[in-house]
Each structure stands twice: as C-alpha cells, then as structure tokens.
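S.K.: Return a 3D structure for these sequence lines:
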Amino acid sequence: MSFTCTVCGAPFEVSSDVRAKYPGWQPKYCRTHSPKKAGKKAGGRGGRAAKEENLTRAEVLAKYTDGPTSGVFTDGSAVPNPGRGGWGLVWVEDGEVREERHGHEADTTNNRMELKALIEAYRLLPTDARVTVHTDSKLCVDTLTKWAAGWEKKGWKRKGGPIKNLDLVQELFALYLDHPTSPVRWIAAHSGNRWNEYADCLATAWMRETV
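M.R.: Numbering: from 1, shown residues only. Modelled structure (predicted):
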C-alpha cells in the first residue's frame, strides 16, 4: 500500500505484514525522513532524537562552546506541532553577537517557524553580505537548493500535490535569490553547536519568563 511522506511529499510503500502489527497506523514518513533515522544521524542515544532543553541565553553560553563562530543561525519550533510556536535567529561575527531576533505565533507548525526564521535572517542581511546562513532544517535547505527553482518554473506546482507552506516558501526563495553571496547551510540540531543552540533558545523564548 502506498503512502505520501508529510515531509518531502514523496510516495512510499509499507508492507501489509508491517501494517498488520500496528492496527490503525497511518505511516507519515518515508525512510529518509523517519524520525527514528533522523535521531540516529543526529547522534541521539539509542537512536532517539535529542530532546529540547529549553535553556536561556545565559545557560546556552555557559554550556556550549563548539561549532562555527561566524554566520547567521536560525531555528523554529512548535509545541505541540501544530500548536504555539516560535522562531529565532542570531548573527554572529567571530563569536560576538551582532544582532538577534525572535518571535512567536499562537497557531503554527515547526516547519512554518523554520521558514519564518530564515525569512527574517535574509531580511536582516544586506543583499551584498557574505554570510553563511545556518539552519538545522534539512527540509528548508533542500527546498531552497534543490526544489524551489523547479517548482517556480512549473508555476509553483509539483507532482506530489500542493506545496506546503507555499506563501512562506515563495517569500523565502525570493529573498534567498536576492542574497547570492549568503548561502544556506545545514547544521546538526542539538549536537553542541553553540550558536545553533542559541538560536534554539530564542525560538523557545516565548515559553519562558527569561530569554
């Protein structure tokens, strides 16, 4: 039986034997985007994805020191997903914060917040900036670097069905093209990268009294 991945929109098969073990189960992810597989790639213990720590900025800086020391770092989240969510970004040069921003929405999704964080990052940067923009969303990176150009040529359509979050995807892609010297790069989530963790804490700031 065929299903459609909620992340990439690609069709995938699940054998009847596997489905019989889990009555009522509706598979949502292909093998590439399986949460269990993603957790293993990210270095989660026992194959489990790392949990959100919900740290403040001061706690992040005290705990983490690794990772790139320059660039713009972005993150977004929703708790639950969908539900209330937030986005955050920090622009760092040689380990010093140059600019940071964050915001939240009452009804959103994790992917929308990831896209929103990148939109705000490219809005912040001058069009001639030479700054790497980091995100821990592989979906966002693939959207910008692999899929969006083709979707645009086809009138913002794809074979797998409607493009999710099209309003944000279109806005972000236009900004991305306007910043040819500021590439987007994937960075592993919750792997000890100081400024990725910092962006994460900004994205969850709406959950705390102290940013």
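S.K.: How many neighbouring residues does residue 203 have?
M.R.: Residues contacting residue 203 under the criterion other CB atoms under 10 Å number 28. (Glycine included, C-beta is placed from N, CA and C.)
S.K.: Residue 63 too?
M.R.: Using other CB under 10 Å: residue 63 sits among 12 other residues.
S.K.: just residue 181 next, same as before
M.R.: If you count neighbours by other CB under 10 Å, residue 181 ends up with 12.
S.K.: now do the one 3 residues further on
M.R.: A count of nearby residues for residue 184, using other CB under 10 Å, gives 22.
S.K.: how near is it to residue 64?
M.R.: 22 Å (CB to CB, to the nearest Å).
S.K.: can you check residue 158 too?
M.R.: Distance of residue 158 to residue 64, given as CB to CB: 38 Å.
S.K.: between the two, who's got more neighbours?
M.R.: Using other CB under 10 Å as the criterion, residue 158 and residue 64 rank with residue 64 on top: 17 against 12.
S.K.: Is it correct that residue 107 falls within a strand?
M.R.: Yes - membership of residue 107 in a strand is supported by DSSP: H, G, I helix; E, B strand; the rest coil.
S.K.: pretty sure it contacts residue 80?
M.R.: No - assessed by CB atoms under 8 Å, residue 107 is found out of contact with residue 80, at 11.2 Å.
S.K.: Pull the contacting residues for the spatially closest residue to residue 59 that is not a sequence neighbour.
M.R.: Residue nearest to residue 59 in three dimensions, not counting chain neighbours: residue 201, with 7.6 Å by CB to CB, 6 or more residues apart in numbering. When contacts are counted by CB atoms under 8 Å, 6 or more residues apart in numbering, residue 201 touches 54-57, 59-60, 88, 211.
S.K.: Just among these, which is most surrounded?
M.R.: That'd be residue 88 among these, by other CB under 10 Å, with 30 neighbours.
S.K.: after the helix or strand bottoming out on mean pLDDT in the chain, next one along is what?
M.R.: The helix or strand of the chain with the poorest confidence is helix 35-41; it has a mean of 44 (mean pLDDT, DSSP states H and E). Remark: after helix 35-41, the chain's next helix or strand is helix 57-63, criterion DSSP states H and E.
S.K.: for that following helix, packing partners?
M.R.: With contacts taken as 3 or more CB pairs under 8 Å, 6 or more residues apart in numbering; DSSP states H and E, helix 57-63 sits against helix 194-203.
S.K.: how about the helix it packs on: buried residues?
M.R.: Applying a neighbour-count criterion of 16 or more other CB atoms under 10 Å, the buried positions in helix 194-203 are 194-203.
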